[in-house]
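Novice: how would this look folded up:
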Amino acid sequence: MEKIIHSMIRVMDLEKSMKFYEAVLGLKETHRLDFPDFALVYLKNAENDFEIELTLNKGRTEAYTHGTGYGHIGVVVADAVAKHAALTAAGYECAAVKEFKRGDELLARFFFIQDPDGYKIEMLERHGHYR
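Specialist: Below you'll find the predicted structure:
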């Protein structure tokens, strides 16, 4: 059976991105491959066997574009309102917490944050489909 193992994103400042992903998602480096022209750093936490692969193309000075196809990474959190408050208190800019409802039924509570390179991360409260 196939298994998704990682998602790769290109970054401009590897250390800044690593600090962001550790502070915001608790992801820590699990593996690093360093080459003359590029470096690959894999991040995860104890909740996951899925990794984020940060790719640094050394010497690049022009920011990457995300085009019209990239959407976001989805992450489940215990309490979206509390996570939003904690990240805001730590100095991160987060979009407002929103709710999807069907009538009175809560389908999802979530907010978005962007990493240092502008990649969107959706923080979904652990509820219903989002486990």
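Novice: Would you verify that T88 is located in a helix?
Specialist: Yes. Applying DSSP: H, G, I helix; E, B strand; the rest coil, one finds T88 inside a helix.
Novice: Spatially nearest residue to it, not counting backbone neighbours?
Specialist: C94 (5.8 Å; C-beta to C-beta, 6 or more residues apart in numbering). Any C-beta I mention is one placed from the backbone N, CA and C, and that applies to glycine too.
Novice: Which residues does that neighbour form beta bridges with?
Specialist: I113 (DSSP bridges).
Novice: Can you name every helix or strand that the helix or strand containing A108 contacts?
Specialist: A108 belongs to strand 105-114 when assigned by DSSP states H and E. Judged by 3 or more C-beta pairs under 8 Å, 6 or more residues apart in numbering; DSSP states H and E, the packing partners of strand 105-114 are helix 80-89, strand 98-102, strand 120-125.
Novice: picking that back up, pretty sure the residue nearest to T88 contacts F110?
Specialist: No. Judged on C-beta atoms under 8 Å, C94 makes no contact with F110 at a distance of 10.6 Å.
Novice: Can you work out which residues contact both of these two?
Specialist: Both C94 and F110 are contacted by M123, under the criterion C-beta atoms under 8 Å, 6 or more residues apart in numbering.
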